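**Student:** Quick one, structure for this:
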Amino acid sequence: MNSMRAGLVYSLFFLFTTSIGSNLFAQKKTTVPKKKANNSVYLSEYKPGILEPVRQDSAVYILERKKQVDSILKEKMPVKLYTDRNDEKTMLAQQVALADSLFTKYVWEKNTRKPLWNEIFGVYPARPGDLRKGMKFLPGTMMRVEMYNYALNLTTIGLVDVFSHRLLSVDHFPQTQPDIPARLKRLAVQIAVNAPEVEKALGFKPSMEMPVMSNTKTALNRTKCERSRHLCVAPTFVKGNRALWAIVDLTDHKLVGLRWTNVGKDADQIVVTERKIQNENIADCYCEQVNTVQQNNWKLDYVLTASDGLMVSNVSYKSMPVLNSAKLVDWHVSYSGTEGFGYSDAVGCPIFSQSAVVATDPPKIAEIVEGNSTVGFMLEQKFFSELWPVACNYSYSQRFFFYNDGRFRVVCASLGRGCGNNGVYRPVFRISFAGNQQSFYEWGNEKWNQWKKEQWQLQQPATAYTGEGYQYKLETGAGKGFYIEPGRGQFKDSGRGDNAYLYVTKNHLDKDEGEADLVTIGPCCNNNYQQGPEKFIEPAPENIANTDLVLWYVPQMRNDDTPGSKYCWAETYYEKGVYKVRTYPCFAGPMFVPFDK
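**Tutor:** Prediction:
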């Protein structure tokens, strides 16, 4: 077991000891060629040095925050509690978690026992996607506790049975950040609206109500936010056809950068629709309950997760297991290959979730019709920001296609509009296949070549395919498995090609490496292979021949608002006295084609 994996997850189900070296939090550095700045992406009106050197803090809200941190670090348990809700379950779940030594493993420095700054960001009722096989508890007694370590940029997640006062599982995720609580969102907005640099850029002092996307994590290169090593968020101010990003470092409590992006000519037009936000109904029926569909020889369960989108699980075809699960872990949205800033979006349930883009309608099941024949069915979930398609609001679609002949396809799309007209969307799929005798192959030199160890590959213009368009194959047994056909614009859904990173990792059954609901695993703005799944590979790739495997698939879609070539975009248009919405989706995702030889 390599040291990175040992550091990623600790489970009370399978107690084990491990040593974690200093390389636990190291990341392999990659040199990325510099690109010429594009003024359509950001307007570099603020040259280096416009933000003054660090000066003595005088703002009351920052002084209060720092005083609170100093006070808590002197306490016996130096952890700030989650107080956005103070009901009995919420408080008890935190007490139980903090009483457990595995949950508090990183609260103190290992050798000196100096306290590290930790804060519980959220306490929520556990969802089906959080639970593991074998857990025994009474209905309504399981709570999920999320704690963030500012010093190590590490997230700890515990599942607590508040009835029995027991912590049933605990996982530690280095270089990850949970969704921030409302109090930190307020602090970020306070820092942004009171910054003289923001007032100067906008030409007026903004109100606390003006920013959007203030709870969405970001990264800004050449600051301590780079690679998300600090907790940073981006309150965004829309002014006319542009959006001003105020990058706020919540670890150091300061503004660290400003960037302008173009958002289009109709950015201020708010569309009034009849879309209903049925949060409670969706939560009760699709977040708290696992639903089952049995159709066209397929059988599967599906559930809306807190932050991993719509997850399908226990998927079988003609009673033969196919998938353990498949879900959409992250959306990474980058607006500048040079400056490296953007959003890491989570999609999921509308309540008891900090997802920035949420499900506003139930999942839908529809027939797949080709010509005059029904050839399968599709399961779709859409996610919306409440004010979409206004600038700096997002909408995503997630689809699963299941065909009568045993094929299936995992798909997603951005429906726009976002915070810029030259962004790159990188969704992160996690696909876990059933069985434990799997092997993976890539096509090249007119033959199939087996991957012996965990690795990744990028689909490129020079990539080799079989005559049928297959790039990979996954064997799941003797002569059986699936060919993998990446998107190249052939699926007739407006997709222009996936340009995807694919990662293959060993699926460890004795610990959780993403089967349960994941926090954001990667930074928003890397334009190389470091999208998050590489953390389960580096620094020492493991053997993957004839074992349990997980596939991670990360397409790359660049948006465009050019007339006649719009992509990953949305716009409003006038029709008969009202404004309506027109979308230009960018669908991406691979097809899995069964074989049995």
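
**Student:** What strand or helix carries W245?
**Tutor:** strand 242-249 (DSSP states H and E).

**Student:** At which residues are the helices of the stretch 251-400 of the chain located?
**Tutor:** Here the stretch 251-400 of the chain has its helices, by DSSP state H, counting those that start in this stretch, at 279-282.

**Student:** do the chain as well
**Tutor:** With DSSP state H as the criterion, the chain has helices at 3-8, 60-73, 88-98, 182-193, 196-202, 279-282.

**Student:** just how off-centre is the second one within its chain?
**Tutor:** Spelled out, that is helix 60-73. 30 Å (Cα atoms, centre = their mean, to the nearest Å).

**Student:** Considering the helices of the chain, which stretch scores lowest in mean pLDDT?
**Tutor:** Among these, helix 3-8 has the lowest mean pLDDT, at a mean of 35.

**Student:** can you list the weak-confidence ranges in the protein?
**Tutor:** 1-57, 220-224, 226-228, 265-279, 337-339, 352-354, 576-579 (pLDDT under 70).

**Student:** Contacts only, for the residue nearest in space to the middle of it.
**Tutor:** Compute the mean C-alpha point of the chain, and by Cα atoms, centre = their mean the closest residue is D330, 2.0 Å away. Applying Cβ atoms under 8 Å, 6 or more residues apart in numbering, we find D330 in contact with S344, D345, A346, P427, V428, L518, T520, I521, G522, G532. Every residue, glycine included, has its C-beta placed from N, CA and C.

**Student:** Who is it paired with across the strands?
**Tutor:** D330 has the following beta-bridge partners by DSSP bridges: V428.

**Student:** what's the distance between it and V303?
**Tutor:** Applying Cβ to Cβ, to the nearest Å, the value for D330 to V303 is 18 Å.

**Student:** which residue sits closest to K453, ignoring its sequence neighbours?
**Tutor:** Nearest residue to K453 in three dimensions, chain neighbours excluded: P541, at 4.2 Å (Cβ to Cβ, 6 or more residues apart in numbering).

**Student:** these two touch, right, that neighbour and E454?
**Tutor:** Yes - between P541 and E454 there is a contact at 3.9 Å, judged by Cβ atoms under 8 Å.

**Student:** hang on, the earlier thing: could the helices of the chain go into CSV alongside distance to G129 and mean neighbour count?
**Tutor:** Shown next, in CSV, are the helices of the chain (distance: least, Cβ to Cβ, whole Å; neighbours: other Cβ atoms under 10 Å):
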stretch, distance to G129, mean neighbour count
helix 3-8, 18, 20
helix 60-73, 31, 13
helix 88-98, 18, 19
helix 182-193, 23, 20
helix 196-202, 38, 16
helix 279-282, 15, 16
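
**Student:** With distance to G481 as extra columns, can I get those helices in TSV?
**Tutor:** What follows is those, written out as TSV (distance: least, Cβ to Cβ, whole Å):
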stretch	distance to G481
helix 3-8	25
helix 60-73	53
helix 88-98	42
helix 182-193	46
helix 196-202	54
helix 279-282	36
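
**Student:** Figure out which of the ones you listed is closest to Q450.
**Tutor:** helix 3-8 (22.0 Å; Cβ to Cβ).

**Student:** ok, back up a step: now, which of the contacts of D330 sits nearest D510?
**Tutor:** L518 (17.7 Å).

**Student:** any idea how far T505 is from I537?
**Tutor:** Distance, T505 to I537, by Cβ to Cβ: 6 Å.

**Student:** wait, Y148
**Tutor:** Per Cβ to Cβ, Y148 is found 24 Å from I537.

**Student:** Show me which of these two is the more surrounded one.
**Tutor:** Y148 (27 against 23; other Cβ atoms under 10 Å).

**Student:** pretty sure the more buried one contacts G122?
**Tutor:** No - judged on Cβ under 8 Å, Y148 makes no contact with G122 at a distance of 9.4 Å.

**Student:** Name the residues contacting each of the two.
**Tutor:** Joint contacts of Y148 and G122 (Cβ under 8 Å, 6+ apart) are P178.

**Student:** so L102 makes contact with V170?
**Tutor:** Yes - using Cβ under 8 Å, L102 is in contact with V170, at 4.8 Å.

**Student:** Tell me how far the nearest residue to E513 once chain neighbours are set aside lies from R558.
**Tutor:** Closest residue to E513 apart from its sequence neighbours, by Cβ to Cβ, 6+ apart: F536 at 5.5 Å. Separation of F536 from R558 (Cβ to Cβ): 27 Å.

**Student:** Just the ones of the contacts of D330 in strands?
**Tutor:** S344, D345, P427, V428 (DSSP state E).

**Student:** ok, of these, which one's closest to R65?
**Tutor:** S344 (23.3 Å).

**Student:** which residues does that closest one contact?
**Tutor:** Contacts of S344 (Cβ under 8 Å, 6+ apart): 216-219, 228, 330-333, 520, 522-524.

**Student:** and it, bridged to which residues?
**Tutor:** Bridge pairing for S344 - DSSP bridges - gives K217, H332.

**Student:** Where do the strands of the stretch 151-300 of the chain begin and end?
**Tutor:** Counting by DSSP state E, counting those that start in this stretch, residue ranges of the strands within the stretch 151-300 of the chain are 154-161, 166-174, 232-233, 236-239, 242-249, 254-262, 291-295, 298-304.

**Student:** quick one, which of those strands is nearest to P128?
**Tutor:** That would be strand 298-304 among the strands of the stretch 151-300 of the chain, by Cβ to Cβ, at 4.9 Å.

**Student:** Would you check how far apart V554 and V593 are?
**Tutor:** 21 Å.

**Student:** of the contacts of D330, closest to S319?
**Tutor:** L518 (29.9 Å).

**Student:** which residues touch the residue lying closest to that closest one once chain neighbours are set aside?
**Tutor:** Excluding its sequence neighbours, the residue lying closest to L518 (Cβ to Cβ, 6+ apart) is V329, at 5.2 Å. V329 makes contact with D308, G309, V428, F429, R430, G514, L518, I521, G532, according to Cβ under 8 Å, 6+ apart.

**Student:** hmm, 6 Å instead?
**Tutor:** Each residue near V329 by Cβ atoms under 6 Å, 6 or more residues apart in numbering is listed here: D308, V428, R430, L518.

**Student:** P363 now?
**Tutor:** Here P363 is in contact with Q381 (criterion: Cβ under 6 Å, 6+ apart).

**Student:** got the phi/psi numbers for it?
**Tutor:** Per-residue torsions, P363: phi -60, psi 150 (degrees, to the nearest 10).

**Student:** Please report the distance of it from C232.
**Tutor:** 33 Å.

**Student:** go on, R144?
**Tutor:** 24 Å.

**Student:** out of those two, which sits in the busier spot?
**Tutor:** Regarding R144 and C232, a neighbour count based on other Cβ under 10 Å identifies C232 as having more, with 27 against 23.
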